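Colleague: quick check, what structure comes out for this input:
(chains A and B)
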Amino acid sequence: MAPPRRSSACFGARLPETSSSYCRTWAKTDTILFLMEHYVDQWKSIVAAHLNALAEGKGLADLQFSPGKIIAERPPKPELGDIGFPMFPYAKPFRMAPAQIALEIARRGGGGAGGDGARDWPGDLKAVGPYLNVFLDRGRAVEYLLAHSKEDSWGSSPSLEGRRVMVEFSCPNTNKPLHLGHLRNNVLGESLARITAAAGAEVKKVNLINDRGIHICKSMLAYLTYGENRSPEDEGLKSDHFVGKYYVLFNKLAEEDPQAEQKAQELLQKWEAGDPEVIALWKKMNDWAIKGIMATYRRQQVSFDEFQFEHDTYKLGREEVLDGLARGVFYRGEDGAIWIDLEDLGLGKKVLLRKDGTSIYITQDIGTAIMRHETWPFDELVYVVASEQQYHFKVLFEVLRRLGYAWAANLYHLSYGLVNLPSGRMKTREGTVVDADDLIDELARLAAQEIVEKGRAEAVGDIQSVAEKIALGALHYYLLQISPNKDMLYNPEQSLSFTGDTGPYIQYMGARANSILRKYEQGEGNAAQGTADAALLASGADWPLVRLLMELPSTVEQSARGRDPSILAGYAHAVASEFSAWYRDNPVLSNDDANLSASRIALVRAVQATLRRACGLLCVPFLEAM
RNA sequence: GCGUUCGUAGCUCAGCUGGAUAGAGCGACGGACUUCGAAUCCGUAGGCCGCAGGUUCGAGUCCUGCCGGACGCACCA
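Modeller: Okay, here's the model as predicted:
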């Protein structure tokens, strides 16, 4: 099998003993939200000032604490406060027990009576054991949430403002259709791009189509042998599947004809020589493949700002390598090829240009990166490529650095692991790879079946459309839920479950929120007679939900900074789960208190806005009803 | 052999710059629909965080070694 250029080999063999589910939780370690970051920063300054004052009071004037060095964390329970400052680190310099330091500072600054409370985020400082905790002014926080969650920009932050980030992903070969591994790549790239943009960056999504090379020639050769000039329409196949069929047939050919490999090579040489007949065939088959692949992109709802094609870029990089040779960055081996010595980094030696002067894989990547930076000067370029290519990218980045490109320091390989299946091993050779289109078809079929079985057919309206969205939500959420760098096991049935840490569960909670709002709009309940009041949402019943919702911006920011959509996925599930428990215990529409009812309607709006935004960033379609 | 990476509950996974009793979902067991959709919710059981050292007031988190899995180590892409 000719290895694919970029994203493939995403399969392994693993048979789980039982089917099971997947999830992650947000319960313990929520992050400090973006808008809370201001809050935390403000309070860090206050705590630092207190520590410095304490030091001075004890005659330890040489002790200095800067706000940036103060450690803040999230208390494990809401009753303990909203921000926690552990006092352990200060025990030694002050020669005091941590709990005592906390008490001392709380005594000095407690209550904010002396103007101690943060300006934008007032609250109280209290000693809780060895921790100094801040209790937010809840009414103020609720006001902030209700006001900001109404805005279209809810969840966005300016943390990456002014940065230009290019994201390369997908990069399919044009000899076969997309498979499950590509789906992980695609959704990772698309989601990362959306999250990065939400964090304020200017993002450009690029897709380098690998449309030339020996693997294409194999499909062509098999087609010449068995195709009899038929078209995809003749065989009733989606065009990329048609091309893929012949790629698989090449294996048969290779068994029948020992010369097959060599013939494919000859075809490649003719292609490079510009042989009109070969070019015509290549064009025809490529168009079929690309047309089909584009259809899958549309279905998966991923898109690109720019397509680049290997037949345009494969000659790039040669000049740069020769230039590097002239400048002594590289060397010519005794064999005549051009090498780079990376032994000092433990990366060995690597060929950059063949002895006959022709390019190899890395040569093109060198040239392509330079071309990209020239045409769209980026602050950062992220390559979404399977983990099997980690070595390749280490070498590539180092080569560019040694060529003198300062921006080489801003190249990043978002490495992701293999996707395994419960059904066992999949191999291209054996035609047992899980095809992307087939998989989505199957998921949509199961979802449609479920809609009917649950008697929701009438309520959802267009069953096929909703089923397709549930299928995508199930697939995408499942793929994004796991840390990118880890190998994963995709369980289709499990991903479609409406219970648990799944896409459909989150979609369902969004639909439930929407259902409450719809009834309100239709005049149900007495919320319309009341007035929303932030103070009414400051109780113990509503506060945990409010607290969580406020964390959307910081979670997006953290997700962007870590280049990790799974952080946001975990958050989305936490919101859905928290909302589920909340609306069970806290009547919204059927509430005697019209003002409380109106206030909770506002909170449900915030829930809906938060879920909608998170789903959007995770490529999980948001549903009004399901 | 060398390199990268992973190893947390039966299963699949979370645990942000080391910090408050290690979390979730599924599965198991037991509960909740005349009350905003039960495609849901609640409760219980279940873990020397691969092993051994080290750093630290404090380690699932950092360092070293070992064990186990995955991936890589082409003038292939």
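Colleague: tell me where chain A has strands.
Modeller: Assignment of strands within chain A using DSSP state E yields the ranges A:83-86, A:123-128, A:131-136, A:164-168, A:202-209, A:306-309, A:331-332, A:338-341, A:349-353, A:380-386, A:411-416, A:419-420, A:488-489.
Colleague: how about low-confidence regions in chain A?
Modeller: A:1-38, A:110-119, A:424-432 (pLDDT under 70).
Colleague: domain assignment for it?
Modeller: Residue ranges for the domains of chain A, per automatic domain parsing: A:34-136, A:460-617.
Colleague: deepest of those, which one?
Modeller: Of all those, domain A:460-617 has the most neighbours on average by mean count of other C-beta atoms under 10 Å, namely a mean of 20. (Each C-beta comes from the backbone N, C-alpha and C, glycine too.)
Colleague: returning to what we had before: a markdown table please, covering the domains of chain A and showing distance to RNA strand B.
Modeller: Listed next are those as a markdown table, based on distance: least, C-beta to the nearest atom of the strand, whole Å:
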| stretch | distance to RNA strand B |
| --- | --- |
| domain A:34-136 | 2 |
| domain A:460-617 | 3 |
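Colleague: between the ones you listed, which one is nearest to A:Met294?
Modeller: Comparing the domains of chain A by their distance to A:Met294 (C-beta to C-beta), the top pick is domain A:460-617, with 16.9 Å.
Colleague: can stretch A:331-346 be found next to RNA strand B?
Modeller: Yes. Using C-beta under 7 Å from any atom of the strand, stretch A:331-346 reaches RNA strand B at A:Gly333, A:Asp335, A:Gly336, A:Ala337, A:Gly346.
Colleague: select from the residues you listed the one having the most neighbours.
Modeller: Most neighbours among these, by other C-beta atoms under 10 Å: A:Ala337, with 16 neighbours.
Colleague: so what's that residue up against?
Modeller: Contact analysis of A:Ala337 by C-beta atoms under 8 Å, 6 or more residues apart in numbering lists A:Val351, A:Leu352, A:Leu353, A:Arg354, A:Lys355.
Colleague: pretty sure the first one contacts A:Ile360?
Modeller: Yes. Under the criterion of C-beta atoms under 8 Å, A:Val351 lies in contact with A:Ile360, with a separation of 6.6 Å.
Colleague: on that earlier part again, widest-spaced pair of the contacts of A:Ala337?
Modeller: Across the contacts of A:Ala337 (C-beta to C-beta), the longest gap, 11.6 Å, separates A:Leu352 and A:Lys355.
Colleague: more crowded one of those two?
Modeller: Between A:Leu352 and A:Lys355, A:Leu352 has the larger neighbour count (other C-beta under 10 Å), namely 25 against 12.
Colleague: isn't that one up against A:Tyr361?
Modeller: No. Applying C-beta under 8 Å, one finds A:Leu352 not in contact with A:Tyr361, separated by 10.2 Å.
Colleague: up against RNA strand B, what does the stretch 201-350 of chain A have?
Modeller: Checking the stretch 201-350 of chain A against RNA strand B by C-beta under 7 Å from any atom of the strand, the hits are A:Asn210, A:Gly213, A:Ile214, A:His215, A:Glu310, A:Gly333, A:Asp335, A:Gly336, A:Ala337, A:Gly346, A:Gly348.
Colleague: what's the closest of the residues you listed to A:Glu524?
Modeller: Nearest to A:Glu524 among those, with distances taken as C-beta to C-beta, is A:Asn210, at 56.0 Å.
Colleague: give me the number of residues near A:Phe393?
Modeller: Neighbours of A:Phe393 using other C-beta under 10 Å come to 18.
Colleague: my bad, should have said A:Glu233
Modeller: Counted with other C-beta under 10 Å, A:Glu233 comes out at 9.
Colleague: return the distance of it relative to A:Asp441.
Modeller: 20 Å (C-beta to C-beta, to the nearest Å).
Colleague: one more: A:Arg584?
Modeller: In terms of C-beta to C-beta, A:Arg584 sits 36 Å off from A:Asp441.
Colleague: dump the residue contacts of the one residue sitting closest to the centre of chain A.
Modeller: Geometric centre of chain A, nearest residue: A:Pro565, 3.1 Å, by C-alpha atoms, centre = their mean. Shown in contact with A:Pro565 (C-beta under 8 Å, 6+ apart): A:Leu188, A:Ser191, A:Leu192, A:Ile195, A:Leu480, A:Pro484, A:Ser559, A:Leu617, A:Leu618.
Colleague: a markdown table for the residues you listed, including distance to A:Pro422?
Modeller: Converted to a markdown table, those look like this (distance: C-beta to C-beta, whole Å):
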| residue | distance to A:Pro422 |
| --- | --- |
| A:Leu188 | 21 |
| A:Ser191 | 24 |
| A:Leu192 | 27 |
| A:Ile195 | 29 |
| A:Leu480 | 19 |
| A:Pro484 | 21 |
| A:Ser559 | 28 |
| A:Leu617 | 28 |
| A:Leu618 | 23 |
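Colleague: these: which two are farthest apart?
Modeller: For these, the maximum inter-member distance is 15.0 Å, found between A:Pro484 and A:Leu617 (C-beta to C-beta).
Colleague: does A:Glu190 touch A:Lys205 like I think?
Modeller: Yes. A:Glu190 is within contact range of A:Lys205, at 7.4 Å (criterion: C-beta under 8 Å).
Colleague: which one's more surrounded, the two?
Modeller: Between A:Glu190 and A:Lys205, counted using other C-beta under 10 Å, the more crowded position is A:Glu190 (27 against 24).
Colleague: look up how far A:Leu443 lies from the closest residue to that one other than its chain neighbours.
Modeller: Excluding its sequence neighbours, the residue lying closest to A:Glu190 (C-beta to C-beta, 6 or more residues apart in numbering) is A:Val302, at 4.2 Å. Going from A:Val302 to A:Leu443 by C-beta to C-beta gives 16 Å.
Colleague: just to revisit the earlier point, just curious, which of the residues of the stretch 201-350 of chain A next to RNA strand B is nearest to A:Gly530?
Modeller: Nearest member of these to A:Gly530, counting by C-beta to C-beta, is A:Asn210, at 60.7 Å.
Colleague: wait, doesn't the closest one sit right on A:His311?
Modeller: No. The criterion here is C-beta under 8 Å, and A:Asn210 misses it with A:His311 at 9.4 Å.
Colleague: ok, those two, which is more surrounded?
Modeller: Shown here are A:Asn210 and A:His311; by other C-beta under 10 Å, A:Asn210 has more neighbours (22 against 19).
Colleague: identify the bridge partners of that one.
Modeller: Here A:Asn210 shows beta-bridge partners A:Asn173, assigned using DSSP bridges.
Colleague: appreciated, that's everything.
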